[in-house]
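A.B. asks: The following comprises the amino acid sequence and a computationally predicted model.
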Amino acid sequence: MTGSHESDHPGARYDSARRTVLGHLGRTCFECRDDGCAQYRWAVAELRDHPIGRGLLQRHGLLDPSDDPTQEGQQR
């Protein structure tokens, strides 16, 4: 696989989302426009679906702890 091919592997998607969110925290995104950033919105949505990603979002104040869904009503 070359750099020009996108991977649908869960680990690659997580890493891309993580790097995107961290890039926005450091204000280094080249995709941002005046109306926001579709890449950032994708990354946050992707990380919300990942247990470690939710922790990353919470640590940086990007996700309210009350937004963390419990699985089948079980406490974490």
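C.D. replies: Perfect, thanks for sending it.

A.B. asks: which other residues reach the lowest-mean-pLDDT helix or strand in the chain?
C.D. replies: Least confident helix or strand, the chain: helix 10-25 with a mean of 88, by mean pLDDT, DSSP states H and E. If you take Cβ atoms under 8 Å, 6 or more residues apart in numbering as the criterion, helix 10-25 is touched by 7, 29, 32, 37, 39-40, 42-44, 46-47, 50, 52-53, 56-57, 60, 62. (Glycine included, C-beta is placed from N, CA and C.)

A.B. asks: make it 7 Å
C.D. replies: Helix 10-25 is contacted by residues 29, 39-40, 43-44, 46-47, 50, 53, 56, 60 when judged by Cβ atoms under 7 Å, 6 or more residues apart in numbering.

A.B. asks: Spatially, which two of those are the most separated?
C.D. replies: C29 and H50 (20.1 Å; Cβ to Cβ).

A.B. asks: Low-confidence regions, this protein specifically.
C.D. replies: Across the chain, the ranges flagged by pLDDT under 70 are 1-7, 65-76.

A.B. asks: make it 90
C.D. replies: Low-confidence segments of the chain (pLDDT under 90): 1-12, 20, 22-39, 49-51, 60, 62-76.

A.B. asks: show me where it has helices.
C.D. replies: 10-25, 38-48, 51-59 (DSSP state H).

A.B. asks: Rebuild those helices as JSON lines, extending it with mean neighbour count.
C.D. replies: JSON lines is the format used below for these (neighbours: other Cβ atoms under 10 Å):
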{"stretch": "helix 10-25", "mean neighbour count": "16"}
{"stretch": "helix 38-48", "mean neighbour count": "17"}
{"stretch": "helix 51-59", "mean neighbour count": "15"}
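
A.B. asks: A43 and L63, how far apart?
C.D. replies: Using Cβ to Cβ, to the nearest Å, A43 is found at 12 Å from L63.
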